[in-house]
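Asks: The sequence isn't on hand, but the structure is:
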Ligand code: MD6
Ligand code: FE
């Protein structure tokens, strides 16, 4: 495989099948309490192709009126987000190298046609901690470049059970999901892909 950019860390097959199943069950519990919703782009109001929800003390979302942000409650129910499952906190403790717990876990659900445009994760006040992502279900093609949108990018597949981190020199790298590969995993009965991203949001 190609060399990944400095700070882009991939842990292939980090979760065994049974651990993936356990995590899917936890995600289903979160989604029951905090239903998936569709964020829209700042200013244009164009809907994103992924559906999302969150767990943790803060959740990420976007809408036409108020743009990209973190907030403590679900935009439709008004309820606080459910807590981050212990299994995810344990993965963060094992891999992040960061002494404090994540505050936000964004849950993105991709149907077979969903994508994610090239973006930076920069709505946090704290860029010292990495962003850690867990992939479940169908495989996806992930693209990562540098801190400028026009920097050359490297693409690689993220498969079910893989963990990936954008840390250090890649913390503010542009990245996105070019496509999903339908039918590549049996983990989710209805198909598609779940990506979980854990983040620190505030300064200590
Ligand atoms: C995804 N991931 O894998 C989208 N961001 O569906 C991200 O946008 C992402 O995987 C920051 C760090 C890791 C990621
Ligand atoms: Fe991202």
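Replies: Perfect, thanks for sending it. Small disclaimer: the values here were computed from a predicted structure and weren't measured. Ligands and ions are numbered 1, 2, ... in the order given.
Asks: make it CA atoms for all contacts and neighbour counts henceforth
Replies: Will do.
Asks: now the strands: where do they sit in the protein?
Replies: Using DSSP state E, the strands found in the chain span residues 8-11, 51-56, 59-61, 69-71, 104-110, 116-119, 131-137, 139-144, 154-158, 163-166, 175-181, 193-199.
Asks: Reformat those strands as TSV; add mean pLDDT, mean neighbour count and distance to residue 34.
Replies: Conversion of the strands of the chain to TSV gives the following (pLDDT from 0 to 100; neighbours: other CA atoms under 10 Å; distance: least, CA to CA, whole Å):
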stretch	mean pLDDT	mean neighbour count	distance to residue 34
strand 8-11	98	17	29
strand 51-56	98	25	6
strand 59-61	98	24	11
strand 69-71	98	15	13
strand 104-110	98	24	11
strand 116-119	97	15	22
strand 131-137	98	25	19
strand 139-144	98	22	25
strand 154-158	98	17	26
strand 163-166	98	22	24
strand 175-181	98	19	24
strand 193-199	98	24	15
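Asks: Identify whichever of the ones you listed lies nearest to residue 77.
Replies: strand 51-56 (11.6 Å; CA to CA).
Asks: which strands and helices sit next to the lengthiest helix in the chain?
Replies: Scanning the chain for the longest helix, with DSSP state H as the assignment, gives helix 17-33. If contacts are counted by 3 or more CA pairs under 8 Å, 6 or more residues apart in numbering; DSSP states H and E, helix 17-33 sits against strand 51-56.
Asks: how big is the angle separating the strand it packs on from strand 104-110?
Replies: Orientation check (axes from the mean of the first three to the mean of the last three CA atoms, to 10 degrees): strand 51-56 against strand 104-110 gives 160 degrees.
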